[in-house]
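Novice: Here is the input, now give the coordinates:
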Amino acid sequence: NDGEFDVIIDKGTLDAMISDEEDGQTSCIKIVAEAARLLSVNGYILIVSHLNANNNDGLHWVENVVAEGLRCGDGKSDWRIEVHSKEEEDDDDDDDDNNDK
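Specialist: Residues are numbered from 1 along each chain as shown. Next comes the predicted model:
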């Protein structure tokens, strides 16, 4: 039923589907849209992905797959997207630290 779930978790499904170069993006949009349809008001969709939204590829994915899927699934809701990721470490900084010793 619509709005039945308070939390929906995806861990790796979208990553696997997006690898299909022909239909991957469309399939992922449909998956997110279906999750949005099933989500209750004030509910959460948690997507665990290897894509890093701190770079252009990951940001493109958030904008063109996740946000588009949310709009398609439930156009009347007000969505907020939060991205949590580990920032990539700069290898040069580690080398500088070792040279100071």
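Novice: The strand ranked longest in the chain - contacts with which helices or strands?
Specialist: Longest strand in the chain, counting residues (DSSP state E): strand 39-48. When contacts are defined as 3 or more C-beta pairs under 8 Å, 6 or more residues apart in numbering; DSSP states H and E, strand 39-48 sits against strand 5-11, helix 24-38. The C-beta positions use only the backbone N, C-alpha and C, and glycine is treated the same way.
Novice: any idea which of the ones you listed is most buried?
Specialist: Stretch with highest mean neighbour count among these: helix 24-38 (a mean of 19; mean count of other C-beta atoms under 10 Å).
Novice: got the angle for that one vs strand 5-11?
Specialist: When axes from the mean of the first three to the mean of the last three C-alpha atoms, to 10 degrees is applied, the directions of helix 24-38 and strand 5-11 differ by 160 degrees.
Novice: Pass me the low-pLDDT residue ranges in the chain, would you?
Specialist: Applying pLDDT under 70 to the chain flags residues 87-101.
Novice: could you redo the helices and strands packed on strand 39-48 as TSV and give each row distance to Gly69?
Specialist: As requested, the helices and strands packed on strand 39-48 are arranged in TSV below (distance: least, C-beta to C-beta, whole Å):
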stretch	distance to Gly69
strand 5-11	11
helix 24-38	3
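Novice: To Glu63, which of those lies closest?
Specialist: Proximity to Glu63 (C-beta to C-beta) singles out helix 24-38 among the helices and strands packed on strand 39-48, at 11.5 Å.
Novice: Might you report the residue contacts of Trp61?
Specialist: Taking C-beta atoms under 8 Å, 6 or more residues apart in numbering as the criterion, Trp61 is in contact with Ile18, Ser49, Leu51, Ala53.
Novice: Could I get the residues you listed in TSV, plus columns for secondary structure, distance to Ser27 and neighbour count?
Specialist: Below are those laid out as TSV (DSSP: H, G, I helix; E, B strand; the rest coil; distance: C-beta to C-beta, whole Å; neighbours: other C-beta atoms under 10 Å):
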residue	secondary structure	distance to Ser27	neighbour count
Ile18	helix	8	18
Ser49	coil	15	19
Leu51	coil	15	19
Ala53	coil	20	19
